[in-house]
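Asker: Quick one: sequence plus predicted model below, questions after.
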Amino acid sequence: MTTADLLQMRPAVRTDILVGPALMRGPVPVHLVKDPVSGARMEVGAKEHFVIVRLDGTRTLDEIGAAYAAHFGTRLGPAQWQHLLRLLSVRQLLGGAVPSRAAATSGASGAAGPAPAGPERRRGSLLSGRTKMVADAPALMDRLHTATAFGRRRAVLLPLLALCAALLVWEGFAYRELAHATHRLFDQPVTLCAVGVVLWFSLAAHELAHGLVARAYGLRVREIGLRRHTGFMTYLYCEVEDVQFLPGRGRQIAVAAAGAVTNLVFLLPFWPVWLLLPDRAQAVPFFGGLLLLGTAMALLNLLPLPPLDGYKALGYALGTLRLATESRVFAVKARSRAGRAAYPPKLRAVYGGYAVVCVLLAAAVLAGLGLACRATLPSSWSAAAPWLPAAAVAVALTLRVLGTRAAARRAARTPATASPPSAAAAAPTGTGPSAGAAPAAPSPAAAGPRTGTDSAPEAPMDPRHATDRLDPEDRTDPVDRPDPKNRTDPMDRPDPTDRPDRTEPTRPMDEDGTRPTRWAVELSGVSKTYGDVRALDGVSLSVRQGEFFGILGPNGAGKTTLVEIVEGMRRADAGTVTVLGESPWPRNTGLLRRIGVQTQSSAFFTRLTAWEHLETVAALHGIGKDAARRALDMVGLADKARSRVDDLSGGQRQRLALATALVHEPDLIFLDEPTAALDPEARRSLWDVLRALRGQGRTIVYTTHYLDEAEALCDRVAIIAGGKVVALDTPTALIRALAAPARLLVPADRITPEQARAIDGVERVLVEGGELVIETHAANRVLVAVGEYVDMDAVQTRTATLEDAYLRLTGSEHAR
Ligand SMILES: Nc1ncnc2c1ncn2[C@@H]1O[C@H](COP(=O)(O)OP(=O)(O)OP(=O)(O)O)[C@@H](O)[C@H]1O
């Protein structure tokens with residue numbers, strides 16, 4: 001595959017891949033990309049996003065590159081394209097790739113996503129962990145969605161929201177009575193438990209509400225279950241997928257806020273009961289405590305602290321990713337002027353403001369909890385009570401820090417384990433910028449369970465992911481610069497006015513004259529001129545389907561021009577070209593899928609293994625891995641599947657180039673000197689591959705300078721000289737037509753040239769080295785006569801070869 005071929009490809013990202021809107025992570029915008037099959041989620045930068053959303057199968061890489069250059073002011077070179085396509089391929093995001101769940105853990109080094117669902121996920125211990133409760137959560141959510149359709153009407157929803165607001169206002173006024181009732185509640189353990197049970201159901205409704213609102217916006221609820229925390233708490237969870245992919249921040253916020261609103265709605269029926277209760281009623285602590293604690297639960301959930309719903313809603317509203325982590329990072333960086341300068345003013349306000357809000361909120365919450373402790377704990381605790389929450393948080397934080405350090409020390413002591421074979425196969429090799437997508441160890445955030453609405457975990461990105469970025473400025477590629485050679489030829493640019501004559505040439509008959517021959521390639525009167533050079537001059541020829549067709553000719557004869565016109569890479573000045581029944585120009589993408597091209601300057605994904613290279617090419621063609629495996633087997637490279645392309649020998653590279661041309665199982669294959677620069681053994685071995693290809697009934701158009709090869713392999717050959725077809729036939733017929741004399745090679749010390757010339761039937765005698773070359777059309781008679789002088793064992797006979805015919809036809813004979 002040449003660079004030109006690569007740029008003419010129209011790869012497509014799988015249509016089911018989710019690409020989210022722009023989010024800020026630190027000072028840079030990123031987009032989330034998710035594979036819905038594997039569950040793998042990764043972040044891509046604005047430049048990658050620009051390209052990915054345009055990889056839709058309708059645009060060539062060249063066209064996308066032009067749009068990219070216009071937008072970002074930099075051209076993408078082949079190296080960048082290969083890098084990006086390889087990443088997409090390894091992550092199985094390209095159309096035609098068969099996505100697997102394994103990709104979630106191996107290919108997706110973004111590691112920002114959740115661990116894949118299913119039995120492989122850790123469920124925790126008896127005391128902590130979770131239990132899936134619903135076999136088919138999406139189906140249950142569908143039923144609930146239908147059942148609650150009435151409640152989602154505006155006429156119902158708005159009054160409910162107004163009532164919730166009224167409840168909050170009223171509670172502000174009735175706070176003292178409610179607080180008093182709540183205080184009494186703590187003296188009544190049974191009533192306290194009853195309130196706890198009711199609030200448990202309120203919390204369950206809270207979780208289901210996230211799912212229902214998400215479902216209403218078309219999202220999927222992945223799992224509903226029970227989560228256990230240290231054996232002390234068990235509550236319902238409802239996992240919603242892809243909230244950050246929802247269009248419109250309002251919807252994202254609605255999903256996040258739905259839980260707290262439901263908590264308030266849940267309390268509404270208890271409000272009138274409380275209002276109607278006599279002051280001394282026994283149920284006062286129950287209803288008062290329920291209203292106050294239920295409201296507190298709802299409002300606390302709206303605090304903008306991770307992992308609460310308010311934090312998620314704030315992140316959605318601000319369009320940020322990992323707001324808390326990035327604020328922490330900003331707080332550290334902001335100590336230096338350069339660090340601050342990396343952030344635009346708006347983001348400085350967002351991250352700095354959030355950091356301040358967090359500190360204030362944490363202080364307020366601790367103070368509130370401290371006051372609550374003092375109010376509820378026995379008076380003997382009164383001095384220590386206000387500080388208990390702060391002390392508890394300090395201990396928890398210290399334990400966490402110590403735990404993290406111990407884990408880091410353990411990890412540092414543990415020797416790195418080898419990648420599993422599948423991951424190794426999926427991951428590219430090498431350590432340079434092109435290396436990346438190494439199998440990611442599941443990060444704690446990725447492996448851990450998540451609550452409520454989804455959001456990217458707070459864990460920082462896997463640093464390895466940074467190498468997966470497509471950043472043209474980081475990878476200055478000499479090929480990136482426009483190639484003047486490519487630009488000078490106006491033929492390289494499609495001409496919209498170019499409408500080749502589509503008149504069908506007369507269909508010849510097969511030799512038996514009974515049925516029309518099926519032609520793979522038909523050229524009629526094709527001419528091409530470069531300035532003053534007439535490269536092709538009225539070429540007409542046809543290649544049968546299933547034929548092994550050779551094109552021979554001296555340097556500059558026009559072979560490459562001819563083949564490029566047939567491949568659709570150049571436009572003919574005149575004449576008609578039909579390939580597999582279609583015109584190849586203007587660039588015919590339908591045809592591209594049916595032809596395979598192997599050139600001497602084939603481009604490889606050099607940092608990949610042979611297998612990864614072919615797998616990537618297969619993905620670019622939108623086909624599965626089986627085709628890559630077949631192509632590798634076909635060319636006899638299966639044992640080199642895991643070798644890096646740059647470690648292959650010249651012959652193995654030629655085979656890989658051949659496999660690259662074959663991977664999409666084309667009907668018509670163009671081979672340009674596939675055995676060039678190979679040693680005789682490697683050449684013969686590749687002949688076997690070519691013969692096998694021919695045995696499969698593929699049509700092969702074969703350009704070569706090796707005449708012995710053409711004679712051995714080709715059904716027919718066209719000899720081109722000076723831009724014209726000077727001969728076209730089977731090698732045998734060409735040799736026969738040559739009527740070349742047989743050549744007898746005799747040791748020169750046994751017979752003189754004069755004696756040889758005197759033999760009847762001898763036409764010419766030459767002295768070549770230590771031998772006499774006797775040319776004759778009466779080989780038998782001359783042989784008998786030569787036997788008078790020389791022992792017959794010392795005589796070698798050479799009949800004419802295709803080379804003789806070639807030399808005669810191309811006028812090179814006397815140049816020898
Ligand atoms: N882009 C171009 N601009 C100008 N002249 C060209 C161009 N491409 C080819 N030519 C000329 O056209 C003629 C035919 O070239 P072409 O490459 O088709 O021959 P070839 O038979 O493939 O030669 P070789 O065996 O050396 O590869 C040559 O004289 C060459 O110099």
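Answerer: In hand now; what should we look at?
Asker: CA atoms for contacts and neighbours, from now on please.
Answerer: Fine.
Asker: Skipping adjacent residues, who's closest to His705 in space?
Answerer: Nearest non-adjacent residue to His705, counting by C-alpha to C-alpha, 6 or more residues apart in numbering: Leu552, 6.4 Å away.
Asker: Quick check, the one you found in contact with Thr560.
Answerer: No - judged on C-alpha atoms under 8 Å, Leu552 makes no contact with Thr560 at a distance of 10.4 Å.
Asker: These two - which one has more neighbours?
Answerer: It is Leu552, of Leu552 and Thr560, that has more neighbours when counted by other C-alpha atoms under 10 Å, with 26 against 15.
Asker: who does that one bridge with?
Answerer: Judged by DSSP bridges, the bridge partners of Leu552 are Ile719.
Asker: mind listing what it touches?
Answerer: Residues in contact with Leu552, defined by C-alpha atoms under 8 Å, 6 or more residues apart in numbering, are Lys559, Thr703, Thr704, His705, Leu707, Val717, Ala718, Ile719, Ile720.
Asker: Remind me what the longest helix along the chain packs against, helices and strands.
Answerer: As assigned by DSSP state H, the longest helix anywhere in the chain is helix 345-376. Taking 3 or more C-alpha pairs under 8 Å, 6 or more residues apart in numbering; DSSP states H and E as contact, the helices and strands that helix 345-376 lies on are helix 323-333, helix 388-413.
Asker: what do you get if the cut-off is 10 Å, keeping everything else the same?
Answerer: helix 175-185, helix 309-318, helix 323-333, helix 337-341, helix 388-413 (3 or more C-alpha pairs under 10 Å, 6 or more residues apart in numbering; DSSP states H and E).
Asker: Pull out the buried positions in the following helix or strand past the first one.
Answerer: Using DSSP states H and E, the next helix or strand after helix 175-185 towards the C-terminus is helix 189-216. Of the residues in helix 189-216, those with enough neighbours to count as buried (16 or more other C-alpha atoms under 10 Å) are 191-192, 195-196, 198-200, 202-216.
Asker: And the spatially closest residue to Ala204 that is not a sequence neighbour, its phi and psi?
Answerer: Counting by C-alpha to C-alpha, 6+ apart, Ala204 lies nearest to Leu236, which is 5.3 Å off, once chain neighbours are set aside. In terms of degrees, to the nearest 10, the main-chain angles of Leu236 are phi -80, psi 140.
Asker: Of all pairs in the contacts of Leu552, which one is the farthest apart?
Answerer: Pairwise distances across the contacts of Leu552 peak at 14.7 Å for Lys559 and Leu707 (criterion: C-alpha to C-alpha).
Asker: Give me the more crowded residue out of the two.
Answerer: Lys559 (26 against 19).
Asker: That one reaches Leu671, doesn't it?
Answerer: No - Lys559 lies out of contact with Leu671 (C-alpha atoms under 10 Å); the separation is 11.9 Å.
Asker: joint contacts of the two?
Answerer: Counting by C-alpha atoms under 10 Å, 6 or more residues apart in numbering, the residues touching both Lys559 and Leu671 are Thr703, Thr704.
Asker: Tell me where the stretch 651-800 of the chain has helices.
Answerer: Here the stretch 651-800 of the chain has its helices, by DSSP state H, counting those that start in this stretch, at 680-695, 707-713, 731-738, 753-757, 779-786.
Asker: For the first one, which helices and strands make contact with it?
Answerer: I take that to be helix 680-695. Counting by 3+ C-alpha pairs under 10 Å, 6+ apart, helix 680-695 packs on strand 548-552, helix 625-634, helix 650-662, strand 699-703, helix 707-713.
Asker: Same list, those, but as TSV with distance to the ligand please.
Answerer: Output for these, formatted as TSV (distance: least, C-alpha to the nearest ligand atom, whole Å):
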stretch	distance to the ligand
strand 548-552	8
helix 625-634	27
helix 650-662	18
strand 699-703	9
helix 707-713	13
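Asker: mind checking which of these is nearest Cys164?
Answerer: Of all the helices and strands packed on helix 680-695, helix 625-634 comes closest under C-alpha to C-alpha, at 56.7 Å.
Asker: buried ones in that closest one?
Answerer: Neighbour-count burial for helix 625-634, counted by 16+ other C-alpha under 10 Å, picks out Lys625, Ala627, Ala628, Arg629, Arg630, Ala631, Leu632, Met634.
Asker: hang on, Leu323 packs against Pro307?
Answerer: No - taking C-alpha under 10 Å as the definition, Leu323 is not a contact partner of Pro307, at 11.1 Å.
Asker: If you count surrounding residues, which of these two has more?
Answerer: Remark: of Leu323 and Pro307, Leu323 carries more neighbours, 27 against 18, as counted by other C-alpha under 10 Å.
Asker: follow-up on the earlier one: so how far is the longest helix of the chain off the chain centroid?
Answerer: 43 Å (C-alpha atoms, centre = their mean, to the nearest Å).
Asker: for the most centrally placed residue in the chain, helix, strand, or coil?
Answerer: The centroid of the chain falls nearest to Leu88 when counting by C-alpha atoms, centre = their mean (1.3 Å). Using DSSP: H, G, I helix; E, B strand; the rest coil, the secondary structure recorded for Leu88 is helix.
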